[in-house]
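S.K.: the amino acid sequence is not available; the structure is as follows:
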């Protein structure tokens, strides 16, 4: 705490002494001017301690003036010269970037439509190919079925012929067997009875026997 | 034991004139103007067509921070016209705060009441003027002093409170917040610097290693002050935006 | 506090000295008391904000902005206490 020791002699300032070492010149001057003794001494010659330290919070006029001046100068410089320029540059670049982005978007859109067209064409080609393949398969199928039918028919006729031949051969063979059996039976009946049996009876008997043998 | 002589408070806050009428605080304020002008001048001179690099990147980041972090959050799209003002405010306060931790400066200009007081009074004038301009004298005072949606009988209570808060407390708290934050940080840094110095030079050799502790605290506080310098500039700009936004668009 | 003031007044040489000493002695209390409320307030505020950000990370930017505004308003009280401390001690 700075203390100005004012030595007075009959109301005249004799000596002013400041205790702290680092006080500014202001302090000295102010203390000399404003220093009023708080306690009046009884005698005419006394040493009174006067507290005259300037308030550390009180604003100083010169600092206020310098701060105000510099702030206003900076404001004018920024507001009217530098900031508009900087902002213009920034806006121009942002506009560039935005238009670039829009261009890229358009390119992307057109590319997308190209891709869509290509896909459409591809789908059409695929559909055509599949119809052609189907048609080809159809014709192949038709031919095959036709050939199959032909072959089947041929096989059927051949089989029918063969069946006919075999049944004819069987009938012939049966006839021969029946004739042979009838001959043998008539011979055997002739030998046994001494008289020739009636041919129709023998034949009926043989037919009955063969019938029963066949069914057995 | 050691005796720690804390210096008289004025000797760590008030500075001798470098030349008449121009002291360290004024130097810092002028340097803040010079540095921010340089940043934006160099940024503007770069080609704006390519992707921003270096100083232009820095300048554009600051501008976008003010636009998106301050204006859009508080005033919306209509407030974008205020961007240069808030940008100036942010740059000036930040560059006045930051010398508090820069060697050889070691003094935030905003730790003297003059700087925050000027800024707060200016903001006070600006938001009142914009309010009157946008809503007319009667409309502005009606919307600030008689907030809608309050029962009529309560206006006896609400109106004086609103008056005190909008007309007196706002600029006062705006100034005091910035000033006291920076001054408290400055005093803390001084305290720990002095403490570690006294311990390092102690006659009792046992005390010398103990000086490490306040020294680490000093380092921590220095990095904390980096954050505070930014945060106070941000908060000041944001509150300015809030007040101006409130004056232009009254609550319905 | 008055008791302290009276005690100091009894010791001090002049009334002005007594006032200064009492002011210096109470300056610390001024700041200490002023820091309690905002301390609680800021703790509560930041805690709630973190909760909100954890619950809705997509709203984190908005919550953070509002949090800083709230901190600024709350902190002003403590800082006024600090200014009162400086005023009592040095003015």
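M.R.: It's in. Source: prediction; values computed, not measured. Residues are numbered from 1 along each chain as shown, chains lettered A, B, ... in the order given.
S.K.: correct me, but residue B:241 touches residue B:71?
M.R.: Yes: under the contact definition of CB atoms under 8 Å, residue B:241 touches residue B:71, with a separation of 6.0 Å. In this view, the C-beta of every residue, glycine as well, is placed from N, C-alpha and C.
S.K.: okay, and the common contacts of the two?
M.R.: Taking CB atoms under 8 Å, 6 or more residues apart in numbering or on different chains as the contact criterion, the residues that touch both residue B:241 and residue B:71 are B:79, B:82, B:86.
S.K.: ok, and what's touching the helix or strand containing residue B:43?
M.R.: Element membership of residue B:43 [criterion: DSSP states H and E] is helix B:24-45. Contacts of helix B:24-45 with the rest of the structure, by CB under 8 Å, 6+ apart, involve A:60, A:62-63, A:66-67, A:69-71, A:73-74, A:77-78, A:82-83, A:85-86, A:89, B:15, B:18, B:52, B:55-56, B:58-60, B:88, B:91-92, B:95-96, B:99, B:105, B:107-109, B:112, B:114-115.
S.K.: quick one: mark the members of those residues that sit in strands.
M.R.: Per DSSP state E, strands hold the following members of those: residue B:18.
S.K.: drop anything exposed from the contacts of helix B:24-45.
M.R.: When burial is judged by neighbour count using 16 or more other CB atoms under 10 Å in any protein chain shown, the buried members of the contacts of helix B:24-45 are A:60, A:62-63, A:66-67, A:70-71, A:73-74, A:77-78, A:82-83, A:86, A:89, B:15, B:52, B:55-56, B:59-60, B:88, B:91-92, B:95-96, B:99, B:107-109, B:112, B:114-115.
S.K.: for residue 85, which non-adjacent residue is spatially closest?
M.R.: Using chain A. Once flanking residues are discounted, residue A:85 sits nearest to residue B:44: 4.6 Å by CB to CB, 6 or more residues apart in numbering or on different chains.
S.K.: wait, I meant chain C there
M.R.: Nearest residue to residue C:85 in three dimensions, chain neighbours excluded: residue C:31, at 4.0 Å (CB to CB, 6+ apart).
S.K.: thinking again about what came up before, what number of residues lie near the residue nearest to residue A:85?
M.R.: A count of nearby residues for residue B:44, using other CB atoms under 10 Å in any protein chain shown, gives 20.
S.K.: can you pull out the strands in chain A?
M.R.: If you assign secondary structure with DSSP E, the strands in chain A sit at A:4-9, A:12-18, A:45-50.
S.K.: ranking the ones you listed by mean pLDDT, which is last?
M.R.: Averaging pLDDT over each of those singles out strand A:45-50 as the lowest, with a mean of 47.
S.K.: near chain A, which residues of chain C are found?
M.R.: Applying CB under 8 Å from any CB of the partner chain, we find that chain C lies next to chain A at C:14, C:15, C:16, C:20, C:83, C:86, C:87, C:90, C:91.
S.K.: and the pLDDT for the closest residue in space to residue B:250 that isn't next to it in sequence?
M.R.: Nearest in space to residue B:250, with sequence neighbours left out and distances taken as CB to CB, 6+ apart, is residue B:143 at 3.6 Å. Model confidence at residue B:143, given as pLDDT, is 85.
S.K.: quick one: contacts for the residue in chain A that chain B sits nearest to?
M.R.: The minimum distance from chain A to chain B, using CB to the nearest CB, falls at residue A:89 (2.8 Å). With contact set as CB under 8 Å, 6+ apart, residue A:89 has these partners: B:44, B:48.
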